[in-house]
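Enquirer: Next come a sequence and a model predicted from it.
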Amino acid sequence: VVLNQHIPADYLLQVCQRIGPLIEKEIPPSVPGVQTLLGLGRQSLLRTTKSCTHKVCCGSAVAALHRGRPPEPPVVFGNVPNVASIIGARQATGTARFSQVLPSSSYQHMKIHKRILGHLSSVYCVAFDRTGRRIFTGSDDCLVKIWATDDGRLLSTLRGHSAEICDMAVNYENSLIASASCDKVIRVWCLRTCAPIAILQAHAASITSIQFCPAAKGMKRYLASTGADGMVCFWKWHSHSMKFDDQPVKFVERSRPGVQVSTSSFSSGGMFMATGGTDHMIRVYYLGAETPMKVSELDAHTDKVVVVQFSNNSDSLRFVSGSRDGTAKIWHYQQQGWKSITLDIAARLPGTAVANGDDKTKLVVTMVAWDRTDTTVITAVSNYLLKVWRATSGQLLHVLSGHDDEVYVLEAHPFDPRIMLSAGHDGNIYIWDLSKGVKIRNFFNMIEGQGHGAIFDCKFSADGQHFSCTDSHGHLLIFGFGCSRPYEKIPDQMFFHTDYRPLIRDSNNYVLDEQTQQAPHLMPPPFLVDVDGNPHPSHHQRLVPGRENCKEEQLIPQLGYMANGDGELVEQVLGQQTTENGESLLDNLIRRLQNEQDERQNAEQADGEMAADAEVVASSPGVEPRRSGQVDGVWQMQHNSLRSQVATERDLLAWSHRVVVNEVPHGTFRVLEQSRQAKGDMECSLYNAERRKKPATCNLKSDTLSSRLRSLRPTKKKQQRHSYQTRSAQVRRPGTRSQNPSNRRNSESQMDSDSGEEAEQPEHSDASSEDEAKWQSDSSSSDSSSEYSDWTADAGINLQPPKRPTRRPVRPAGYSSSEEEEGGDETTKEAKKRENEQKKKPKEPKQ
């Protein structure tokens, strides 16, 4: 420093500032104006023209169309086009690639916001509401809980079930949630007030699945449930009054004792529902008529059908089924029957080696799913691999490996067809890019001190910004983009102190809290406690709905001091203290708070309460079941209760105005409802169009056969009796009409193409009755000697060349043999002569 006093302190910085612009003039960098000694590539100070031969991408290049779409940007940019040029190019072309706007790598930024312990047992069910702002969890501890998506707050607990929660569903109007349990009961709650709307009891065993039907036809709606008793029930309800019918439309599917209906799925328009059972059968129900009816039974699997899943779009009637026999099938309705493509679960990609023992292990399908656009089908197999198949051809596209245990969760992104989420019993959650067959992100559910927790269910929110998972240890995991700061203010364990208090039940299975004799949804706001029942600090108590504006003295402190038997002061958790009468101190404080409120209001409300009491006493005997979720049942034990333990009129009024789950905005709801209606109409039109098509048959070119068929044609009077419905007349006696078409089982022979049994034709189809009549009259009144007879196809006659009389084909039960005697004898000899010629000629396919 002494020898070189002419060198200033910032000499090196000035040198670098001079060098940077000189190199920029010679070789432009990737990002202009940024000088650094640590740069790489085009930012390096040692770059040369040879080392930087990169393609320069400008806005005009982005605007160029490649088959009607802008091209993908080059991997390495010379000069990155600025935002203005890209937006200008997008305006010029009018289109942009979704993958360019939102690369799949963006999902790497999703992270876990919070893991919350909210149940004492495994949580098998999780669901979002239709807005994505609320999360519902259903657990083996018999509780359904409602959580806020944006900050993880516990908002409400729905009590009433007496056994494990099997399944949950939120209706499309976002006004109801239905939960099914192993106690054989379905409970429906109002999402605004958490009041019970209906208790549905028709199953004789555990309920295996429950779903609201997407169909929107007037005010009529359906809730579908399946059970371990082999029953499928369709519960009709009114979307405006929210009244449920007392009895459902039942289908008893016990082909043998012990059969269970294990899975169900609605089509996106709600006109069809498919179910799978332990009797290896797939059954399809049609909801486009006055009442639901069964239209098909498909016996294509050789073991239990574990999952069926309809496609997400209504442009074709397709669903996929997976079975424990190691096969998955993609079903497509065409030409009066369900045709299937079988996916070879043991298939491997070309060039991949067989792992040791893999060829000997029997594989089982554990889960199936569609991507959002129905381009691919994803199957989870018992060897922990996920396989991606092309939906149209059944070709294997990708094999996704990473899981170490069985996978029972496959969840498609709500709008991005590339993204699929999988989770399994190994505690791993993967986000996959289906277009490339690669893993984007992985989360591992490691619980401190307890090992990993198996993931039992997972769902995306409607906007794709969040997804939530539940595990074997009672946790709710919330993932999403953005900041986790809102979740830092909530505790890791959240229970209400009333969650596990005993309930009393009336004859209709409605419940009251045993201690306060009140309906659970009308009780005052509870206190927030941890898993041991200890109350959280006061700033956490303000997170409880209804306690946001409470005074400090009304919020429970965490610790207190009590004198023990020896007179010593002992620090004790208030939640574990009891009063002299054995009442919990928490409950004692609640009772005292309500006492104070009652005393203040007593004078001014005495007259109103006497009138209300008189009205209730007059209406209480013989009251109908509380289907509407009103408070009439709350007052039934009022005369036996302390005045302080019963909700006052003011309490009822205040709680009636609270909103736990918001409605879908009216404009959005109307658009979604019209979309579901359009999907339903499209499904009906597709079904009716395919139902009128003739099934593929041989092209018979025999003049004798044509003349024989003409001679067999009945008179006009007889013909009216043979509608297209008589294809299923084989299962009933001649001359009798089946009163319930939905309970008929079609017993036609199986087609070689795995088409299963032909669909039974519903007798009530409002959408196409005129067209069907026209189609029948056109086909039946034709006198031309065609090679195919519509009437005989409708009657169930298989068009085959006449056989020897010793081996005559079996006739349908509704077919009269006297008709054959009228014209059959004339052509028998000639038909025999032609029979050998027909055998020699190869049968030409029908054009």
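Expert: The structure has been received and is ready for your questions.
Enquirer: drop to CA atoms for contacts and neighbour counts, all remaining ones
Expert: OK.
Enquirer: Please work out which residues outside the helix or strand where Asp457 lies touch it.
Expert: Counting by DSSP states H and E, the element that carries Asp457 is strand 455-460. For strand 455-460, the external contacting residues (CA atoms under 8 Å, 6 or more residues apart in numbering) are 123-128, 408-409, 411-414, 423-429, 445, 466-472.
Enquirer: Buried residues, the particular helix or strand that has Leu12 in it. List them.
Expert: Using DSSP H and E, Leu12 maps to helix 11-26. For helix 11-26, a neighbour-count test (16 or more other CA atoms under 10 Å) marks 20-21, 23-24 as buried.
Enquirer: For Val1, state which of those is nearest.
Expert: Gly20 (26.3 Å; CA to CA).
Enquirer: My guess is that closest one contacts Pro32. True?
Expert: No. Contact criterion CA atoms under 8 Å: Gly20 and Pro32 do not qualify, at 10.2 Å.
Enquirer: three-state assignment of Leu38?
Expert: Three-state call for Leu38 (DSSP: H, G, I helix; E, B strand; the rest coil): coil.
Enquirer: How about the contacts made by the residue lying closest to it once chain neighbours are set aside?
Expert: Nearest residue to Leu38 in three dimensions, chain neighbours excluded: Ser44, at 6.9 Å (CA to CA, 6 or more residues apart in numbering). Taking CA under 8 Å, 6+ apart, we find Ser44 in contact with 36-38.
Enquirer: Backbone dihedrals for Ser44, please?
Expert: Main-chain torsions, Ser44, degrees, to the nearest 10: phi -70, psi 140.
Enquirer: Kindly report the same for Gln43.
Expert: Residue torsions, per degrees, to the nearest 10, at Gln43 are phi -100, psi 0.
Enquirer: Check the gap between it and Lys25 for me.
Expert: Taking CA to CA, to the nearest Å as the measure, Gln43 falls 13 Å from Lys25.
Enquirer: Asp325: neighbour count?
Expert: 17 (other CA atoms under 10 Å).
Enquirer: what do you get for the one 5 residues further on?
Expert: Neighbouring residues of Ile330 were enumerated by other CA under 10 Å; the total is 24.
Enquirer: One more: Val295?
Expert: Neighbour tally, Val295, other CA under 10 Å: 23.
Enquirer: Packing partners of the one helix or strand it maps to?
Expert: For Val295, the host element (DSSP H and E) is strand 293-298. Here strand 293-298 touches strand 282-286, going by 3 or more CA pairs under 8 Å, 6 or more residues apart in numbering; DSSP states H and E.
Enquirer: Give the pairing partners of the strand it packs on; include direction for each.
Expert: Strands that pair with strand 282-286, judged by DSSP bridges, come out as strand 272-277 (antiparallel), strand 293-298 (antiparallel).
Enquirer: hmm, which of the contacts of strand 455-460 are the buried ones?
Expert: Looks like the contacts of strand 455-460 have 123-128, 408-409, 411-414, 423-429, 445, 466-472 buried, using 16+ other CA under 10 Å.
Enquirer: Inside strands: which ones of the residues you listed?
Expert: 123-128, 408-409, 411-412, 423-424, 428-429, 466-471 (DSSP state E).
Enquirer: how far does stretch 251-269 stretch from start to finish?
Expert: Using CA to CA, the end-to-end distance of stretch 251-269 comes to 21 Å.
Enquirer: Sort out which residues of that stretch are buried, please.
Expert: Per 16+ other CA under 10 Å, stretch 251-269 contains these buried residues: 251, 253-254, 259-269.
Enquirer: tell me the mean pLDDT over that stretch?
Expert: Averaging pLDDT along stretch 251-269 gives 91.
Enquirer: cool, and stretch 672-686?
Expert: For stretch 672-686, the per-residue pLDDT averages 89.
Enquirer: same deal with stretch 273-292?
Expert: pLDDT averaged over stretch 273-292 gives 92.
Enquirer: same check, this time on stretch 429-440
Expert: 94.
Enquirer: Please point out which parts of stretch 430-440 sit buried.
Expert: 430-434, 437, 439-440.
Enquirer: if we look at it, which residues are touching it?
Expert: Residues from elsewhere that reach stretch 430-440 (CA under 8 Å, 6+ apart): 104-105, 107-108, 388, 398-400, 417-423, 441-443.
Enquirer: Quick one: end-to-end distance for it.
Expert: 7 Å.
Enquirer: likewise stretch 460-471?
Expert: 16 Å.
Enquirer: Likewise for stretch 286-301?
Expert: Span of stretch 286-301 from end to end, CA to CA: 22 Å.
Enquirer: show me where the protein has helices.
Expert: With DSSP state H as the criterion, the chain has helices at 11-26, 59-63, 83-93, 98-101, 538-541, 585-619, 649-656, 666-692, 703-712, 716-721, 769-780, 790-795, 817-840.
Enquirer: model confidence over the second one, on average?
Expert: Over the span of helix 59-63, the pLDDT mean works out to 56.
Enquirer: One more: the longest one?
Expert: Model confidence over helix 585-619 averages 55 on the pLDDT scale.
Enquirer: Please apply the same query to the fourth one.
Expert: For helix 98-101, mean pLDDT is 76.
Enquirer: buried stuff in that helix?
Expert: Under 16+ other CA under 10 Å, helix 98-101 has no buried positions.
Enquirer: Render the CA-only coordinates of it in PDB, please.
Expert: Extracted in PDB, the C-alpha atoms of helix 98-101 (Å, rounded to 0.1, in the frame of the first residue of the first chain):
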ATOM      1  CA  PHE A  98     -50.100 -23.900 -22.600                       C
ATOM      2  CA  SER A  99     -46.800 -25.600 -22.000                       C
ATOM      3  CA  GLN A 100     -45.000 -22.400 -23.000                       C
ATOM      4  CA  VAL A 101     -47.000 -20.200 -20.800                       C
END
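Enquirer: so what does that helix touch, helix or strand wise?
Expert: On a contact count with 3+ CA pairs under 8 Å, 6+ apart, helix 98-101 meets no helix or strand.
Enquirer: Considering the contacts of Ser44, which possesses the most neighbours?
Expert: Thr36 (13 neighbours).
Enquirer: who touches it in this structure?
Expert: 43-45.
Enquirer: Any chance of the backbone angles for it?
Expert: According to degrees, to the nearest 10, Thr36 has phi -150, psi 150.
Enquirer: One more: the one 3 residues further on?
Expert: The phi and psi torsions at Gly39 (degrees, to the nearest 10) take the values phi -70, psi 160.
Enquirer: Quick check, it in contact with Leu45.
Expert: Yes. Between Gly39 and Leu45 there is a contact under CA under 8 Å: 7.0 Å.
Enquirer: of these two, who's got more company?
Expert: Leu45 (20 against 14).
Enquirer: ok, now how distant is Pro695 from Val295?
Expert: Note on Pro695: its distance to Val295, by CA to CA, is 17 Å.
Enquirer: typo on my end, it should be Thr275
Expert: For Thr275, the distance to Val295 - CA to CA - is 12 Å.
Enquirer: Give me the common contacts of these two.
Expert: Listed contacts common to Thr275 and Val295 are 283-284; contacts here mean CA under 8 Å, 6+ apart.
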